[in-house]
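Q: next input, structure requested:
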Amino acid sequence: MKNWKTLAGNGGNKLVLKNNYIIAASLHQVTVWKEDKPLLQHHTDTQQPGFPTLIGDQLYWGTGVLDLAANVRHEIPGMQEAIRTAGGQYRASHGNEYTPSVFAWAPDGSVVAVSVQWIGNPGPPPAKVLLLDKEGRLLQTLWEESNLPVAALYISDKWILAGTPQFRVFDKETFTATIIPEQLPAVRIEMTADEKQLLLLQHDHIGLWDTSTGKEMNRWKGNWNDATITPDGKYIVAVDFEGKPFLISTTAPLEQQQIDAPGAIFSVAADNERLLAFFMHGAVVRITTLL
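A: All right, here's what the predicted structure looks like:
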């Protein structure tokens, strides 16, 4: 059995491992550990769906920024109103407004992509992906359609990636879209640190793509609930619908090694040395070595 360490305090299923920080976020709460020890826990009244982005000791999470040193979250003025009105494109009222489905902040905190869905009387497009600047001003409507809201977004140094029904990769400067013809929308998007490999999780398979060629390198079929790729691109950790975790070497793609775990896992994150997991029972977050 692997030596799993249970972290003190409850967490969430959106996990981040960066330097000496461990972060677990849910819709209304984020928990932060430093050197495996509890640092802070913060609650919000409004939902903040999506993965937080850590820049120094500033945690960009949904419509605000949490200062980890001071344990103070600053709401970005106008951000919530920009979301409700799709950047001022529509008039919003109680019960007739856009609500966020997922946030994805850029690595430098300069922009945020927001998937929104219309709640209320018919009229506006049911689903959009907005790009806002760090002050909450609309820069671009990247996508809109009479469809379900996008469940996964990701921003790298070069691109904005959206899990639309036909997967889209947007150039950050020109907003020009490249379409990857996937049949199902992606539910998780990740890239390696060098941005050469792209992981797309769909519930019936995991795809690993070469960003230089735009071609799929490998595909792992199965019933997958979550997956993550290490920053160096050497390993994928995948979790099936039963909560069983598997370690996959990207250089030996036919080998899937089941990871010993003290219970069913819901979601995972990994760096090149550690594996972080949110367990299905008890909202417990545990950490162990990757290999």
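Q: what sits against residue 177?
A: Listed by C-beta atoms under 8 Å, 6 or more residues apart in numbering, the contact partners of residue 177 are 142, 143, 168, 169, 170, 171. The way it works is simple: take the backbone N, C-alpha and C, and place the C-beta from them, glycine included.
Q: could the residues you listed be laid out in a markdown table, adding pLDDT and secondary structure?
A: Listed next are the contacts of residue 177 as a markdown table, based on pLDDT from 0 to 100; DSSP: H, G, I helix; E, B strand; the rest coil:
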| residue | pLDDT | secondary structure |
| --- | --- | --- |
| 142 | 98 | strand |
| 143 | 97 | strand |
| 168 | 95 | strand |
| 169 | 96 | strand |
| 170 | 97 | strand |
| 171 | 96 | strand |
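Q: farthest pair within these?
A: Farthest-apart pair in the contacts of residue 177 is 143 and 171; separation 13.9 Å (C-beta to C-beta).
Q: who's more crowded, those two?
A: residue 143 (22 against 12; other C-beta atoms under 10 Å).
Q: any idea which helix or strand carries the residue nearest to that one when sequence neighbours are not counted?
A: With C-beta to C-beta, 6 or more residues apart in numbering as the criterion, residue 143 has its nearest non-adjacent residue at 4.3 Å, and that residue is residue 129. Following DSSP states H and E, one finds residue 129 within strand 127-133.
Q: then that strand to CSV, C-alphas only?
A: What follows is strand 127-133, C-alpha atoms only, in CSV (Å, rounded to 0.1, in the frame of the first residue of the first chain):
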residue,chain,number,x,y,z
ALA,A,127,-24.3,29.3,-23.7
LYS,A,128,-21.2,31.5,-24.2
VAL,A,129,-17.5,31.6,-23.5
LEU,A,130,-16.4,35.1,-22.6
LEU,A,131,-12.9,36.5,-22.3
LEU,A,132,-12.5,39.2,-19.7
ASP,A,133,-9.5,41.3,-18.6
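Q: tell me what that strand is packed against?
A: helix 79-84, strand 111-119, strand 138-145 (3 or more C-beta pairs under 8 Å, 6 or more residues apart in numbering; DSSP states H and E).
Q: do that again at 7 Å, thanks
A: Counting contacts by 3 or more C-beta pairs under 7 Å, 6 or more residues apart in numbering; DSSP states H and E, strand 127-133 is packed against strand 111-119, strand 138-145.
Q: deepest in the core, which of those is it.
A: Of the helices and strands packed on strand 127-133, the one with the most neighbours on average (mean count of other C-beta atoms under 10 Å) is strand 111-119, at a mean of 23.
Q: show me what it is packed against.
A: strand 97-105, strand 127-133, strand 153-155.
Q: please enumerate residues in contact with the shortest one?
A: The one in question is strand 153-155. When contacts are defined by C-beta atoms under 7 Å, 6 or more residues apart in numbering, strand 153-155 is touched by residues 102, 104-107, 111, 113, 115, 129, 161-163, 189-191.
Q: cool, and the longest one?
A: By C-beta under 7 Å, 6+ apart, the residues outside strand 97-105 that reach it are 47-50, 53, 60, 62, 83-84, 86, 112-120, 149-155.
Q: and it, which residues are buried?
A: Judged by neighbour count using 16 or more other C-beta atoms under 10 Å, the buried positions of strand 97-105 are 97, 98, 99, 100, 101, 102, 103, 104, 105.
Q: okay if I get these as JSON lines plus distance to residue 260 and pLDDT?
A: Below are these laid out as JSON lines (distance: C-beta to C-beta, whole Å; pLDDT from 0 to 100):
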{"residue": "97", "distance to residue 260": "47", "pLDDT": "97"}
{"residue": "98", "distance to residue 260": "44", "pLDDT": "97"}
{"residue": "99", "distance to residue 260": "40", "pLDDT": "97"}
{"residue": "100", "distance to residue 260": "37", "pLDDT": "98"}
{"residue": "101", "distance to residue 260": "35", "pLDDT": "98"}
{"residue": "102", "distance to residue 260": "32", "pLDDT": "98"}
{"residue": "103", "distance to residue 260": "34", "pLDDT": "98"}
{"residue": "104", "distance to residue 260": "32", "pLDDT": "98"}
{"residue": "105", "distance to residue 260": "34", "pLDDT": "98"}
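Q: turn those residues into CSV, including distance to residue 15.
A: Converted to CSV, the buried residues of strand 97-105 look like this (distance: C-beta to C-beta, whole Å):
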residue, distance to residue 15
97, 30
98, 27
99, 24
100, 20
101, 19
102, 15
103, 15
104, 15
105, 16
